[in-house]
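In: Got a predicted model here, sequence first, then my questions.
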Amino acid sequence: MTLNGWLQIGFFLLAIFLVTPPLGRFMSRVFARERTWLDPVLRPIERLVYRTTGVDETREMRWTEYAAAILLFSVVSMLVLYLMQRGQHLLPLNPQGFGPVAPDLAFNTAASFTTNTNWQAYSGESTMSYFTQMAGLAYHNFVSAAVGISIAIAFIRGIAQKEKDTIGNFWVDLTRCLLWILLPICIVGSLLFVSQGTVQNLKAYDTVQTVDGPKQTIAQGPVASQEVIKQFGTNGGGFFNANSAHPFENPTPLSNFLSMFAIFAISAGLTYTLGHMTGSRAHGWAVWSAMAFLFLAGVTTAYWAEARGNPLLTAAGADQTVSALSSGGNMEGKEVRFGIANTALFATATTDASCGAINGWHDSFTPLGGLVPLANIQLGEVVFGGVGAGMYGVLVYIILAVFIAGLMVGRTPEYLGKKIQSFEVQMAMLTVLIFSLLILTFTATSSVSPGFGTSSIANPGPHGLSEILYAYSSAAANNGSAFAGISVNTHWYNTTLGLTMLFGRFFMIIPPLAIAGSLSRKKRIPPSLGTFPVTTPLFAGLLVGVILIVGALTFFPALSLGPIIEHFMMTHGQVF
């Protein structure tokens with residue numbers, strides 16, 4: 001570990017801290033339908049959208065109607081993307097002449113991008129046409145992110161409102177999120193990426209002759225416009241198979257920093273939105289602080305493990321120390337342009353959030369280094385988290401935290417003036433149980449099925465289990481990154497991972513919306529001497545404890561059989 005590496009990590013967290021208030025305040029104004037500086041341009045467009053689609057922006061929805069609208073919108077969007085892939089050979093903007101995508105892969109990809117997962121069992125540059133990339137995948141990058149943000153806002157409304165049966169209008173929230181937040185950010189962001197050298201064109205691939213004689217195909221396309229939304233929308237799916245390790249997607253240290261900054265920006269801003277809309281900014285900062293603590297714990301562990309290097313290589317005589325000619329540490333699977341600090345930081349940020357973009361291969365991390373992104377996902381990606389998903393995920397943990405605090409003092413739990421009763425706790429636990437059930441059931445089935453589960457892994461022993469566990473954890477949490485080392489473009493994995501992504505998204509948004517509807521109907525009661533304050537370091541510590549304990553108790557046995565035992569085997573000189 002170096003001072004330069006720590007300074008880069010510290011500067012990144014400082015940038016996230018500085019953007020939190022202005023972005024959070026702006027989002028609060030947008031979803032409260034207050035006037036913003038973009039209104040003169042965007043308000044006429046918004047009205048035109050409502051007139052065209054027949055949406056009544058003054059009508060609000062109960063939580064059941066809100067959830068139904070999300071489900072119907074997602075089903076139709078997923079079907080369109082599936083058909084687009086199956087018929088891409090008949091559609092325009094296909095200069096490479098790519099054929100139709102196989103049915104199982106098309107299903108997996110449609111489920112992936114609809115759920116904001118962006119799991120990719122294919123190489124983008126050799127599978128998807130420009131039309132599919134732009135009109136299909138990039139479209140879902142926008143709308144799936146907007147759906148997540150809308151759910152978070154609906155949850156916050158449920159907390160902030162009192163004695164109302166409604167939690168907003170999904171179509172209005174979706175439209176305002178796209179017009180006021182995602183599109184402006186991405187227009188500016190795309191130009192920034194282009195300025196750094198990210199490719200943006202519609203040309204056919206070039207074929208060049210190398211110095212040694214053989215010919216090489218240079219893939220290109222509309223990359224920058226997809227790159228920025230994949231990061232700000234915490235989607236993560238790359239235009240190229242190498243994702244953000246590819247120089248056409250992530251050409252410079254500045255573009256690398258912008259990519260990481262974009263992953264956390266909106267999610268961090270939503271903590272301020274929570275405080276602003278509920279009238280308790282100190283509570284928003286308490287949640288931000290809990291997230292920042294977990295982030296620092298993760299990145300410190302990953303950086304230490306990777307900078308320490310592999311003791312087996314040291315024993316074999318390899319020099320893994322920092323020098324003028326070597327960055328030191330475990331450089332396997334890392335892009336030399338970014339080094340260990342930026343790779344550990346990127347891996348931590350992308351799995352703290354439900355992004356899944358990568359600039360290095362997690363499969364090549366040391367066991368403890370690889371444990372960090374896997375554990376981040378299994379905690380529910382609530383450390384800032386994905387756009388919207390992280391916020392409504394951490395709100396579920398907050399419900400559990402204040403419930404436990406209420407039990408400690410023998411009082412009915414309260415959260416920002418609303419009583420937390422059995423229904424809210426049941427819905428919160430249902431969210432946690434669905435998540436763990438999906439991951440552990442499919443992992444267990446695949447790990448004992450030689451015909452279609454274990455036959456796809458490249459590594460035997462605990463590392464192979466980690467590959468399977470990571471795949472289903474990533475799918476259930478709608479992350480989309482992979483441990484690599486596992487061939488997932490099979491009928492078994494395309495189908496089961498597709499189902500896991502769908503269940504992990506839609507079965508886990510219904511309970512939070514039910515909580516929002518229940519809280520919205522409740523009266524607000526004034527705080528008393530027995531009220532547990534949710535604005536203090538004690539609350540932040542309790543929240544961290546609940547997140548860690550729930551994750552540890554649920555997944556620790558599986559992690560013990562994977563990266564933890566692999567670490568001890570490595571330290572004792574065993575390979576497999």
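Out: Good, I have the coordinates.
In: Which of the three states applies to the residue nearest to residue 261 when sequence neighbours are not counted?
Out: Leaving aside its chain neighbours, residue 261 sits nearest to residue 15 (5.7 Å; criterion: CB to CB, 6 or more residues apart in numbering). The C-beta positions use only the backbone N, C-alpha and C, and glycine is treated the same way. In three-state terms, and counting by DSSP: H, G, I helix; E, B strand; the rest coil, residue 15 is helix.
In: do residue 451 as well
Out: For residue 451, the reduced secondary structure class is coil; criterion used: three-state DSSP.
In: From residue 261, how far off is it?
Out: Between residue 451 and residue 261 the distance, using CB to CB, to the nearest Å, works out to 44 Å.
In: And residue 171, by the same measure?
Out: Spatial separation of residue 171 from residue 261 under the definition CB to CB is 30 Å.
In: More neighbours: which of these two?
Out: Neighbours around residue 171 and residue 261, counted as other CB atoms under 10 Å, are more numerous at residue 171. The numbers are 21 against 18.
In: For the residue nearest to the more buried one when sequence neighbours are not counted, grab phi and psi.
Out: Taking CB to CB, 6+ apart, and ignoring the residues beside it in sequence, residue 171 has residue 55 as its nearest neighbour in space, at 4.6 Å. Comment: the main-chain dihedrals of residue 55 come out as phi -90, psi 130, following degrees, to the nearest 10.
In: what residues are up against residue 55?
Out: Shown here is residue 55, whose contacts under the criterion CB atoms under 8 Å, 6 or more residues apart in numbering are 49, 169, 171-172, 175.
In: Next up, the contacts around the spatially most central residue of the chain.
Out: The chain has residue 354 as the residue nearest its centroid, 1.0 Å off, counting by CA atoms, centre = their mean. For residue 354, the contacting residues are 116-117, 234, 236, 381, 385-386, 389-390, 477-480, by CB under 8 Å, 6+ apart.
In: tell me the secondary structure for residue 208?
Out: Using three-state DSSP, the secondary structure recorded for residue 208 is strand.
In: for it, what are its contacts?
Out: With contacts defined as CB under 8 Å, 6+ apart, residue 208 is in contact with 215-216, 218.
In: Repeat the analysis, applying 6 Å as the threshold.
Out: With contacts taken as CB atoms under 6 Å, 6 or more residues apart in numbering, residue 208 has the following neighbours: residue 216.
In: now it: how far from residue 217?
Out: Relative to residue 217, residue 208 is positioned 8 Å away (criterion: CB to CB).
In: With residue 228 instead?
Out: With CB to CB as the criterion, residue 228 and residue 217 are 25 Å apart.
In: more crowded one of these two?
Out: Set residue 228 next to residue 217 and count neighbours by other CB under 10 Å: residue 228 wins out with 26 against 12.
In: Check the gap between that one and residue 185 for me.
Out: Computed with CB to CB, the distance linking residue 228 and residue 185 is 8 Å.
In: go on, residue 85?
Out: 27 Å.
In: which of the two has more neighbours?
Out: When neighbours are counted by other CB under 10 Å, residue 85 comes out ahead of the other of residue 85 and residue 185, with 26 against 18.
In: Please identify the helix or strand for the more buried one.
Out: Using DSSP states H and E, the secondary-structure element containing residue 85 is helix 63-86.
In: and the contacts of residue 55 as TSV, adding distance to residue 296?
Out: Output for the contacts of residue 55, formatted as TSV (distance: CB to CB, whole Å):
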residue	distance to residue 296
49	42
169	38
171	39
172	37
175	37
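In: export those residues to CSV and tack on pLDDT, distance to residue 128 and secondary structure?
Out: Shown next, in CSV, are the contacts of residue 55 (pLDDT from 0 to 100; distance: CB to CB, whole Å; DSSP: H, G, I helix; E, B strand; the rest coil):
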residue, pLDDT, distance to residue 128, secondary structure
49, 95, 28, helix
169, 95, 34, coil
171, 96, 29, helix
172, 96, 32, helix
175, 96, 27, helix
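In: which of the residues you listed are buried?
Out: When the contacts of residue 55 are checked for burial by 16 or more other CB atoms under 10 Å, the buried set is 49, 169, 171-172, 175.
In: For those residues, which two are the farthest from each other?
Out: Of all pairs drawn from the buried ones among the contacts of residue 55, the widest gap by CB to CB lies between 49 and 169 and measures 12.8 Å.
In: and the residue of the chain lying at maximal distance from its centre, helix, strand or coil?
Out: With distances taken from the mean C-alpha point of the chain and given as CA atoms, centre = their mean, the most distant residue is residue 213, at 42.4 Å. Per three-state DSSP, the secondary structure class of residue 213 is coil.
In: could you measure it against residue 205, distance?
Out: Distance, residue 213 to residue 205, by CB to CB: 19 Å.
In: can you check residue 453 too?
Out: Here the distance between residue 453 and residue 205 works out to 36 Å (CB to CB).
In: Next: residue 120.
Out: Look at residue 120 and residue 205: by CB to CB, they are 19 Å apart.
In: ok, the spatially closest residue to residue 98 that is not a sequence neighbour - contacts?
Out: Counting by CB to CB, 6+ apart, residue 98 lies nearest to residue 129, which is 5.1 Å off, once chain neighbours are set aside. Neighbouring residues of residue 129 by CB under 6 Å, 6+ apart: 88, 94, 98.
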